[in-house]
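Visitor: all I have is the shape, not the residue letters:
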């Protein structure tokens with residue numbers, strides 16, 4: 001199956017702690033490119049996000065997917081295994097900060113999971129790649145709120 005990895009970084013004046021707290025809120029993930037709605041979020045007893053379902057629209061059709069934990073290093077990295085009928089991969093957010101700035105790096109590893117996405121993967125990949133910088137900048141801007 002075809003696959004590709006995309007990475008973009010952006011910075012915010014929000015603290016690492018504030019950004020990390022935002023990443024544990026399900027609605028935060030609605031701001032990441034390609035996710036239109038988050039639902040059925042699972043939180044543990046300490047309020048840490050453990051997974052969620054999401055909906056995305058492409059080509060006039062709605063697709064449902066699931067995000068399950070891939071890796072979590074408290075205050076540093078949160079990564080999700082993402083799976084839908086047509087695409088699967090890993091979405092990872094890595095934080096690096098000092099007293100003034102938090103640098104947020106988002107990496108998307110995607111691969112086709114269905115027949116249609118395999119045929120159209122070059123178009124899908126180009127769309128993701130072209131939109132990644134703006135999508136990450138907007139995502140990070142929303143983390144400061």
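Guide: Arrived safely. All figures in this text were calculated on a predicted structure; none of them were measured in a lab.
Visitor: which strands and helices sit next to the longest helix along the chain?
Guide: Determined from DSSP state H, the single longest helix within the chain is helix 115-143. Packing partners of helix 115-143 (3 or more C-beta pairs under 8 Å, 6 or more residues apart in numbering; DSSP states H and E): strand 3-12, helix 16-23, strand 102-112. Every C-beta, even on glycine, is put in place using the N, C-alpha and C of the backbone.
Visitor: report all helices and strands that the first one contacts.
Guide: It stands for strand 3-12. Partner elements for strand 3-12 (3+ C-beta pairs under 8 Å, 6+ apart): strand 102-112, helix 115-143.
Visitor: if we can go back for a sec, and among the helices and strands packed on helix 115-143, the most buried is which?
Guide: strand 102-112 (a mean of 20; mean count of other C-beta atoms under 10 Å).
Visitor: each with direction, which strands does that one pair with?
Guide: Its sheet considered, strand 102-112 pairs with strand 3-12 (antiparallel), strand 87-97 (antiparallel) by DSSP bridges.
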